[in-house]
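**Student:** how would this look folded up:
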Amino acid sequence: MRLHFIAIGGSAMHSLALEMKSLGYQVTGSDDVIFEPSKSKLEAVGLIPERFGWFPEKIDPGIDVVILGMHAKKDNPELIRAQEINLNIKSYPEFLAQLTETKTRVVIAGSHGKTTITAMVLHVLNYHDIKPDYMVGAPVSKNTKTLSITEKNDFVLLEGDEYLSSPIDSRPKFLWYTPEIALISGIAWDHVNVFPTFEDYVSQFNQFISSIQAGGVLIYNQEDKVLKKLVDSSEHPIKKIGYSTPDHYIEGGTSYLETEEGSLPLLVFGSHNLQNLAGAQWIAQLMGLDRSDFYEAIPSFEGASKRLELLKKGTNSFLYKDFAHAPSKVKATSLAVRNQFEGKKIVICLELHTYSSLDPEFIGQYAKSLDTADEILIFYDPEALRIKNRVAIPPKTIEQAFEHSSLQVFTQALLLQNNLFERSFTNEVLVMMSSGNFGGMDWEKLIGRFL
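**Tutor:** Residues are numbered from 1 along each chain as shown. Just a heads-up that it's a prediction; the model follows:
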């Protein structure tokens, strides 16, 4: 079978292209720009395009499926050509759903925590030498893939995203998967560029609940009031199991999970991660792993890449990298760090990277989200807004939105880096929060400040 990927360099798209090649499919692709690590991975297997750009002549009737990535636009020349000759065009989630239609699908959804929960389940299963098929948003460790599809496995564990499927398919990605087992970690307004009201956003999760196969199971965070109301009001014939923050305590900078088998030290921390753990335990159990086996494996879980990831521990200071960018995620991470490191100065460096974050109508959602931090550094690149023909947000508007007494706004990456590189971090915790890269952060140099 011949597959052609339009926007092959995306984090999810390149992983799918690699997996399809390994399964024996004939794979080609195009993109206008490809960054690391996608670039090196595609080069290693001969899938890097000879030239960057879009070339309609690549599209011919011999292609069985064109897989369309979100990075492409509706007027993409290759897409237009594929439409003209009536090729089979699928989004990433639609193709993945077709690829896994004979398997028992387990889908982890929610505004926050879905990558971590998926990674937790994969970790405990791998610990016990159980290897399911899976798709996860970030590596469980630095050496693992984010996608694995085989012909032999009965289960497939999928991270379910509520964002649009493709430029020509406005359905949320997770609606393609129709799971037998599902989890929702919580609901907090996100992606305001495509869901302009909170009600619009919540309705996507209502549709997801209805997409669970009749007789299936929904695991949900019952401490989330919006989610609990949604689940309670649903008449869809499924089993509903709520979870909440398990008993735990913090001692000597380590969080301990209290279980019937004793107290277990954890490498992750924060109430949100304890909730994630409780949800993951239910999913692992439904996939065949009993509670005792889960408890045996979870203490060695270090977290998913970039999810409150410890980059460096100095003599008495810590440097963390976190994917948090939406208000609810920012607040949860900041609170977790404050509770974990009493007596230390907490410095949060947040990049407003997504277009939701930089929307003047949305930015007020960040009010009080970083109150537990001692100092806040906010970075955004006005050029990113200019490219989208949007007006830059004045720094004063950002300062007013966060309502914090110790806050600086940076619009130049070099000035931010100079500020960080000139510091001596003593008895401090620095958390770098972004779904981007702070305009090209020199991570090795920053790590060096913690030696």
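
**Student:** Now do the helices in the protein.
**Tutor:** 11-22, 38-44, 77-84, 92-99, 114-127, 198-211, 225-233, 271-286, 291-297, 327-340, 382-387, 395-402, 413-421, 443-448 (DSSP state H).

**Student:** Just name the most buried of these.
**Tutor:** Each of those was scored by mean neighbour count; the highest is helix 114-127, a mean of 25, by mean count of other Cβ atoms under 10 Å. C-betas here are computed from N, CA, C, even on glycine.

**Student:** Show the average pLDDT along that one.
**Tutor:** Mean pLDDT, helix 114-127: 94.

**Student:** so what does that helix touch, helix or strand wise?
**Tutor:** strand 104-109, strand 155-159, helix 271-286, helix 291-297 (3 or more Cβ pairs under 8 Å, 6 or more residues apart in numbering; DSSP states H and E).

**Student:** Kindly recompute the last result at 10 Å.
**Tutor:** Applying 3 or more Cβ pairs under 10 Å, 6 or more residues apart in numbering; DSSP states H and E, we find helix 114-127 packed against strand 104-109, strand 133-135, strand 155-159, strand 181-184, helix 271-286, helix 291-297.

**Student:** related to what we said a few turns ago, would you list the helices of the chain in TSV and tack on distance to residue 369?
**Tutor:** TSV is the format used below for the helices of the chain (distance: least, Cβ to Cβ, whole Å):
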stretch	distance to residue 369
helix 11-22	26
helix 38-44	31
helix 77-84	38
helix 92-99	30
helix 114-127	19
helix 198-211	16
helix 225-233	17
helix 271-286	13
helix 291-297	32
helix 327-340	4
helix 382-387	21
helix 395-402	7
helix 413-421	20
helix 443-448	23
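
**Student:** Least reliable of those helices by average pLDDT, please.
**Tutor:** helix 382-387 (a mean of 73).

**Student:** May I have that helix as CSV, with CA atoms only?
**Tutor:** Extracted in CSV, the C-alpha atoms of helix 382-387 (Å, rounded to 0.1, in the frame of the first residue of the first chain):
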residue,chain,number,x,y,z
PRO,A,382,5.3,39.2,18.8
GLU,A,383,6.6,37.8,15.5
ALA,A,384,4.5,34.7,15.9
LEU,A,385,1.4,36.9,16.1
ARG,A,386,2.5,39.1,13.1
ILE,A,387,2.8,36.0,11.0
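
**Student:** what sits up against that helix?
**Tutor:** Contact with helix 382-387 is made by 352-355, 358-359, 381, 390-393, 411-412, 436, 439, as judged by Cβ atoms under 10 Å, 6 or more residues apart in numbering.

**Student:** Please name the nearest non-neighbouring residue to residue 285.
**Tutor:** Take residue 285 and drop its neighbours on the chain: the residue closest to it by Cβ to Cβ, 6 or more residues apart in numbering is residue 291, 6.5 Å away.

**Student:** That neighbour: what's it in contact with?
**Tutor:** 259-261, 281-282, 284-285.

**Student:** Between the helices and strands packed on helix 114-127, which one is closest to residue 55.
**Tutor:** Closest approach to residue 55 among those is made by strand 133-135 (28.6 Å; Cβ to Cβ).

**Student:** In this structure residue 378 contacts residue 370, no?
**Tutor:** Yes. Contact criterion Cβ atoms under 10 Å: residue 378 and residue 370 qualify, at 9.2 Å.

**Student:** low pLDDT regions in the stretch 351-451 of the chain?
**Tutor:** Filtered on pLDDT under 70, the stretch 351-451 of the chain yields the residue ranges 354-356, 387-389.

**Student:** Now do the strands for the stretch 301-450 of the chain: every range, in order, please.
**Tutor:** Here the stretch 301-450 of the chain has its strands, by DSSP state E, counting those that start in this stretch, at 309-313, 318-322, 345-351, 375-379, 407-410, 428-433.

**Student:** Any figure for the gap between the spatially closest residue to residue 243 that is not a sequence neighbour and residue 430?
**Tutor:** The shortest distance from residue 243 to any non-neighbouring residue, by Cβ to Cβ, 6+ apart, is to residue 278 (4.2 Å). Note on residue 278: its distance to residue 430, by Cβ to Cβ, to the nearest Å, is 29 Å.

**Student:** what about the closest residue to residue 226 other than its chain neighbours, how many residues close to it?
**Tutor:** Nearest residue to residue 226, sequence neighbours excluded (Cβ to Cβ, 6+ apart): residue 187, at 4.7 Å. Residues within reach of residue 187, counting by other Cβ atoms under 10 Å, total 27.

**Student:** Tell me which residues are up against stretch 222-234.
**Tutor:** Contacts of stretch 222-234 (Cβ under 10 Å, 6+ apart): 110-112, 184-189, 198, 201-203, 205-206, 208-210, 212, 218, 220-221, 238, 240-245, 271, 275, 278, 328.

**Student:** do that again at 8 Å, thanks
**Tutor:** Contact with stretch 222-234 is made by 184-188, 202, 205-206, 209-210, 218, 220-221, 240, 242-245, 275, as judged by Cβ atoms under 8 Å, 6 or more residues apart in numbering.

**Student:** Using CSV, list the CA coordinates for that stretch.
**Tutor:** Provided in CSV are the C-alpha atoms of stretch 222-234 (Å, rounded to 0.1, in the frame of the first residue of the first chain):
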residue,chain,number,x,y,z
GLN,A,222,-14.9,13.0,40.1
GLU,A,223,-13.2,16.0,41.7
ASP,A,224,-13.6,18.0,38.5
LYS,A,225,-17.1,19.6,39.0
VAL,A,226,-17.6,20.4,35.3
LEU,A,227,-16.7,16.8,34.3
LYS,A,228,-18.7,15.2,37.1
LYS,A,229,-21.8,17.2,36.1
LEU,A,230,-21.3,16.1,32.5
VAL,A,231,-20.9,12.5,33.4
ASP,A,232,-23.9,12.4,35.8
SER,A,233,-26.1,13.9,33.1
SER,A,234,-25.1,11.5,30.4
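
**Student:** Residue 436 against residue 351, yeah?
**Tutor:** Yes. The pair residue 436 / residue 351 is scored as a contact, 5.4 Å apart, by Cβ atoms under 8 Å.

**Student:** Settle it for me: which of those two has more neighbours?
**Tutor:** Taking neighbours as other Cβ under 10 Å, residue 436 and residue 351 compare with residue 351 leading, 24 against 17.

**Student:** Contact partners for that one?
**Tutor:** Taking Cβ under 8 Å, 6+ apart as the test, what residue 351 contacts is 325, 378-380, 433-436, 438.

**Student:** of all these, which comes closest to residue 337?
**Tutor:** Nearest to residue 337, judged by Cβ to Cβ, of those is residue 433 at 10.3 Å.

**Student:** Run through the bridge partners of that closest one.
**Tutor:** residue 322, residue 350 (DSSP bridges).

**Student:** My guess is it contacts residue 347. True?
**Tutor:** No. The criterion here is Cβ under 8 Å, and residue 433 misses it with residue 347 at 11.0 Å.

**Student:** Who has more neighbours out of those two?
**Tutor:** residue 433 (25 against 22).
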